[in-house]
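Novice: Please find the sequence and the predicted model below.
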Amino acid sequence: MKSSVIVIGASGGIGGGVVANLLAEGYPVVAVGRHRDTLLQLADRLGQPSALTVLTASVESETASRDLVQQLVALRRRFAGAVVAIGPERDCGRLMDRNDVFLEDRLHAHVVTHFNAARALIPLLADGAPNALYLGIASAATTHPWYGFGHFSIANAALRMLAKVMHGENRDMPVRVQQLALNGLVRTHRNDHCACSEWLEVDAVGRAVIDLLQHSDGSAAVLDLRAGGTPVPVND
Ligand SMILES: NC(=O)c1ccc[n+]([C@@H]2O[C@H](COP(=O)([O-])OP(=O)(O)OC[C@H]3O[C@@H](n4cnc5c(N)ncnc54)[C@H](OP(=O)(O)O)[C@@H]3O)[C@@H](O)[C@H]2O)c1
């Protein structure tokens, strides 16, 4: 039997697609999110698979992340990896019309949460299974501002650097620490009614995650995924 994979943000568009693909590939999955109802909806959508365990937990603070780790340890599993696909609420508007509280809140929800997840999960993976994969999911849009979603652009630029710092600082750990940067809009169960000329399909994201889980040598801090492609190391 394969080792389990933890997916944080499992009830989200990307996380849900990653969970479905991991289950189809035979990985038991521990699906984590802050709201039990949306996790149960995920389980219903996937036909209540026996290989799916849902955990209500958060990485919004160090205390919450420690609680998540305790819940994961209590499951007494071996983990092949962890995928962190969390994101802040979608809200748009000029950043200049917002205030400091708004920006601080969005940076916390997007960047500090990834930091908390990495600090909690990398040691857990290192203890349990050599060569496990810790994979953050982010956007590849890190250099050009996306007006109307300025906080999102700032967060993604920071997440790119966070991924590099985490990769470098954990080089001696028996864990591959990487980021998958999604280059384009992803069609998921949450937005498949929208019009977009070139989607990255969520199943392609799921397959890329499995490819990295099974074959990545862990040497690249960041890998870029675009529609029709496979993960390509980023050298910037
Ligand atoms: N969708 C796209 O087109 C796209 C494109 C490029 C990159 N990305 C990146 O992919 C990532 C995921 O995006 P998405 O579209 O899947 O977002 P999403 O649909 O909003 O899902 C995010 C999930 O994260 C969970 N979450 C949020 N904060 C959390 C926390 N502190 N602890 C635990 N779970 C938390 C939320 O569930 P609960 O509220 O239940 O906790 C939610 O299910 C983001 O980093 C985004 O930048 C997305």
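Specialist: Done, it's in. Every value quoted in this text rests on a predicted model; they were computed, and no experiment measured them.

Novice: Look up the closest residue to the residue in the chain that the ligand sits nearest to, ignoring the ones flanking it.
Specialist: Closest residue of the chain to the ligand, C-beta to the nearest ligand atom: residue 12 (1.9 Å). Using the backbone N, CA and C atoms, a C-beta is placed for each residue, glycine as well. Spatial nearest neighbour of residue 12, excluding adjacent residues (C-beta to C-beta, 6 or more residues apart in numbering): residue 85 at 5.9 Å.

Novice: so who does the one you found touch?
Specialist: With contacts defined as C-beta atoms under 8 Å, 6 or more residues apart in numbering, the neighbours of residue 85 are 7-10, 12, 14-15, 18, 137.

Novice: before we move on, what SS does residue 134 have?
Specialist: Per DSSP: H, G, I helix; E, B strand; the rest coil, the local secondary structure of residue 134 is strand.

Novice: which ones are touching it?
Specialist: Residue 134 touches 81-82, 84, 118, 121-122, 125, 166, 170, 175-178, counting by C-beta under 8 Å, 6+ apart.

Novice: which secondary structure elements does the helix ranked longest in the chain contact?
Specialist: Secondary structure of the chain per DSSP state H: the longest helix is helix 150-169. Secondary-structure packing of helix 150-169 (3 or more C-beta pairs under 8 Å, 6 or more residues apart in numbering; DSSP states H and E): helix 100-107, helix 113-128, strand 132-139, strand 175-183, strand 222-226.

Novice: so which of the ones you listed is the most packed in?
Specialist: strand 132-139 (a mean of 25; mean count of other C-beta atoms under 10 Å).

Novice: which outside residues touch whichever helix or strand residue 7 is part of?
Specialist: Taking DSSP states H and E as the criterion, the element that holds residue 7 is strand 4-8. Here strand 4-8 makes contact (C-beta under 8 Å, 6+ apart) with 15, 18-19, 22, 27-33, 53, 59, 72, 75, 77-86, 117, 121, 213.

Novice: just the buried members of those residues?
Specialist: Buried by 16 or more other C-beta atoms under 10 Å: 15, 18-19, 22, 27-33, 53, 59, 72, 77, 79-86, 117, 121, 213, out of those.
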